[in-house]
Each structure stands twice: as structure tokens, then as C-alpha cells.
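Asker: This is a predicted model, with the sequence first.
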Amino acid sequence: MIAMTMMAMGLASVFGGSVTEEVAKGMAIAALKSTMLKQPIKTLTKELSKLIPGLGQAVGPAISIGMMEAAGWSLANDMALRFNGKATA
């Protein structure tokens, strides 16, 4: 959550805006929730892989990184819309 909050604050400055830490934290939480709801199979796979010894340690982090990246792109798109009025690619 700390990384996502810092990413939100950094993205705001990249797009020419400014947000407080609390606003950035709220945006990070919203982006993560949105990503999890859009990718239920990845979330379910991550949780189920924890039940199999060995597999959970290999698959879980990889899925988490992918979901965090997707949430970051979602956050960047939201920031672009908010501060520039247009979405990123």
C-alpha cells in the first residue's frame, strides 16, 4: 500500500497536479479494488495457489506483481483524465 500511495503522489506530479498523502492512499485503494474486481480469475488463482505448498510461493508473488502493475496503469489513466482531460494509451 505504501508503494501504491507513493506511486499515486508521483503520478500526480507527473501529470501536473498535486494530491495529499491521504488522497493518494484513497486513490491507490480504489485502483487496487477496481483491478481486483476486473481480474477475478487472477485473484482467485492467487488465493487458491496458497493452498498448495511450493506453488503458492512461486505463483502468488507473480500474480501480485501483475495486479499491482495493472492497478498502477489504471491509476495513471485516472490521473491523466483528472489532470489533463484525456486518457493515456
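Answerer: On my side now, so go ahead.

Asker: Next SSE downstream of the helix or strand of the chain with the lowest mean pLDDT?
Answerer: The least trusted helix or strand in the chain, going by mean pLDDT, DSSP states H and E, turns out to be helix 40-49, with a mean of 76. Of the helices and strands lying after helix 40-49 in sequence (DSSP states H and E), the nearest is helix 55-84.

Asker: next one: that next one to chain centre, how far?
Answerer: Relative to the centre of its chain, helix 55-84 is centred 4 Å away, using Cα atoms, centre = their mean, to the nearest Å.

Asker: Buried residues in that helix, which are they?
Answerer: 59-60, 63, 67-68, 70-72, 74-80, 83 (16 or more other Cβ atoms under 10 Å). Using the backbone N, CA and C atoms, a C-beta is placed for each residue, glycine as well.

Asker: so, if you compare those, which one comes nearest to Glu47?
Answerer: Distance to Glu47 across these (Cβ to Cβ) is lowest for Gly60, with 8.6 Å.

Asker: residue contacts, the closest one?
Answerer: Counting by Cβ atoms under 8 Å, 6 or more residues apart in numbering, Gly60 makes contact with 46, 49-50.

Asker: Below-threshold pLDDT in this protein: ranges please.
Answerer: Scanning the chain for pLDDT under 70 picks out 86-89.

Asker: And Ser13, how far from Thr43?
Answerer: Counting by Cβ to Cβ, to the nearest Å, the gap from Ser13 to Thr43 is 30 Å.

Asker: Which of those two has more residues huddled nearby?
Answerer: Remark: of Ser13 and Thr43, Thr43 carries more neighbours, 16 against 12, as counted by other Cβ atoms under 10 Å.

Asker: ok, the more buried one touching Ser49?
Answerer: No. Thr43 lies out of contact with Ser49 (Cβ atoms under 8 Å); the separation is 11.0 Å.
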